[in-house]
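Asker: need coordinates for the below:
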Amino acid sequence: MIIAVASGKGGTGKTTVAVNIALSLDNVQFLDCDVEEPNAHIFLKPRIEKTILSSIPVPEIDTKKCVYCGKCAEVCVYNAIAIVPPTNNNAGVALTLTNLCHGCQACSFFCPKGAIRERKKEIGVVEFGSKKDIEFIHGRLNIGEAMAPPVIRQVKGHINPRKTVIIDAPPGVSCPVIAAVKDSDFCLLVTEPTPFGLSDLSLAVELLHKLRVPFGVIINRADLGDKETERYCEKEKIEILMKIPFNKEIALAYSRGEAVVNVLPEYKTKFKDLFQKIAHR
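Answerer: Below you'll find the model as predicted:
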C-alpha cells in the first residue's frame, strides 16, 4: 500500500506525521519526495548506504545542421528553446535554456534535420539507506535547479511493492506535489485550523479530486485556531482521520530532531490505529 502525506502549505506537520507513521508500523519503505528541502532524515536518522546521481536529458543544437525552422521551440511547452531565424544581416540564433527543460525529449524527436542531440545534466542525487527495518530513500535537488519532478520520479522508481510505502510529499499543489502523490493508494492531508491552513487545504482537496486519489484529513494543533476547517470537512464530506493537539513536548521533540513516538510512546498506538482506518476503507 502506498500512502502519501501531503499538505496545502508548509509548516503544518506533514513530515512529523509521515515519520511517525513509519516508526509505528512494520515492514515500511519511506520515500522523502520533498526533494527541494528533504528533512525526514533528521528524525529517522537512517544510515545512508548508497548515492546515485539524478539527471535529465537536455538538448544541444548543432548549428551546422540546424535550419532554424523553429519546430523544436514550437513543440517545447516549457519555452526551453528560442530560435531566431537568420536575416540578410545577422546569423540565426538557437538558444537552449536548460533550467526550463523538463527532459521530455520532444525537441529532438521532432527536429526534421536531426540537429539536436542530448546530454545528461545532473540536477540532484538520490540516496538510499536504512534505519532498523525501515528502508529509506530520499532525493535532493541541487541548489539553483528548478526541476524537482524528475528527481521525485527517480525516487519513486524504487518503490518496493512488498512494503507499506510512506511518501513524504512536498508542500503546496504544484507539479512536484503531483509527481509525488500521483498513483498513491491514499493521501493524508495534514492541515492546521487557521484561515491560511483552510485556504491551502481546499486547494489540495481540489487537486486530489482531479488526481482521483482517495484522501482524508489530519488536523494538527487542533485545539488552536478556529473550527472552520472542521466545518469545511463536514460540508465537503471529508473524513477527519486524526486530530493532534498542540503539545509542548511534541514541539520540543521536533526542535531536537526527535520523533514524537519516541517521546510520547502512546502516539505509536494512535498512528497504528490511523493506518488501520486507511487500510480498511
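Asker: going forward, measure contacts between C-alpha atoms and count neighbours the same way
Answerer: OK.
Asker: who touches the longest helix along the chain?
Answerer: Criterion DSSP state H: the longest helix present in the chain is helix 195-211. The contact list for helix 195-211 (CA atoms under 8 Å, 6 or more residues apart in numbering) reads 7-9, 12, 172-173, 182, 189, 191-192, 214-215, 228-229.
Asker: the next helix or strand after that helix - contacts with which helices or strands?
Answerer: Once the chain leaves helix 195-211, the next helix or strand it forms, by DSSP states H and E, is strand 215-220. When contacts are defined as 3 or more CA pairs under 8 Å, 6 or more residues apart in numbering; DSSP states H and E, strand 215-220 packs onto strand 186-191, strand 240-244.
Asker: got the CA coordinates for strand 215-220 in PDB?
Answerer: In PDB, the C-alpha atoms belonging to strand 215-220 read as follows (Å, rounded to 0.1, in the frame of the first residue of the first chain):
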ATOM      1  CA  PHE A 215      -7.800  11.100   0.900                       C
ATOM      2  CA  GLY A 216      -8.600  12.100   4.500                       C
ATOM      3  CA  VAL A 217      -7.500  14.900   6.700                       C
ATOM      4  CA  ILE A 218      -5.400  15.200   9.800                       C
ATOM      5  CA  ILE A 219      -5.700  18.400  11.800                       C
ATOM      6  CA  ASN A 220      -2.500  19.300  13.600                       C
END
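Asker: from the rest of the structure, what touches that strand?
Answerer: 12-13, 186-193, 208, 238-246.
Asker: same question for stretch 50-64.
Answerer: 94, 96, 98, 101-105, 107-108, 115-129, 150-151, 154.
Asker: let's see which of the residues you listed end up in helices.
Answerer: Per DSSP H, these map to helices at 107-108, 150-151, 154.
Asker: who wins for neighbours among those?
Answerer: Greatest neighbour count in the ones in helices among the contacts of stretch 50-64, by other CA atoms under 10 Å, goes to V151: 28 neighbours.
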